[in-house]
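> next comes the sequence, and after it the predicted model I'd like to discuss.
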Amino acid sequence: MLGAFTGSPALPGLMFFSKELTRAASNRYGRDAKRGDFERGVKLAADRAALIEPLVTHVFALDEVAKALATADENPPDLSKC
């Protein structure tokens, strides 16, 4: 579920229970009325593309989502050095 709300949204609790669904929250902040953090992050990534490029191991088209997920599952990152 993706959305921005000004109040508390109604969630279909029975559906979450019966399908054993899990939901996770994420937050997006805005620094000013003109540009939010996401827009700033995209611009920063574009401006520093040479620094980010070594982090990109695979690129998939949108219609290759199944292949992308399978690749991610087969090649989990080594977090022991983090």
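Alright, I've got the coordinates.
> and the pLDDT at residue 21?
Among the per-residue scores, residue 21 holds a pLDDT of 77.
> how far does the helix or strand of the chain with the lowest mean pLDDT sit from its chain's centre?
Sorting the helices and strands of the chain by mean pLDDT, DSSP states H and E puts helix 13-18 at the bottom, at a mean of 77. Put simply, helix 13-18 sits 24 Å off its chain's centre (Cα atoms, centre = their mean, to the nearest Å).
> start at 743, not 1
Sounds good: first residue 743 from here, last item helix 755-760.
> who touches that helix?
Around helix 755-760, the neighbours that count as contacts under Cβ atoms under 8 Å, 6 or more residues apart in numbering are 763, 764, 765. Quick note: C-beta positions are derived from backbone N, CA and C, even for glycine.
> and it, what's buried?
By neighbour count on 16 or more other Cβ atoms under 10 Å, the buried set for helix 755-760 is empty.
> helices or strands next to the very next helix or strand once past it in the packing?
Per DSSP states H and E, the first helix or strand lying C-terminal to helix 755-760 is helix 779-789. Contacting helix 779-789 under the criterion 3 or more Cβ pairs under 8 Å, 6 or more residues apart in numbering; DSSP states H and E is no other helix or strand.
> how far off centre is helix 779-789?
On Cα atoms, centre = their mean, the centre of helix 779-789 falls 14 Å from that of its chain.
> just checking, next helix/strand downstream of it?
With elements assigned by DSSP H and E, the helix or strand that comes after helix 779-789 is helix 791-794.
> chain center to that following helix: distance?
Chain-centre distance of helix 791-794: 19 Å, with Cα atoms, centre = their mean.
> and if you look at stretch 785-805?
On the basis of Cα atoms, centre = their mean, stretch 785-805 sits 14 Å off its chain's mean C-alpha point.
> list the buried residues in that stretch.
Going by 16+ other Cβ under 10 Å, stretch 785-805 has no buried residues at all.
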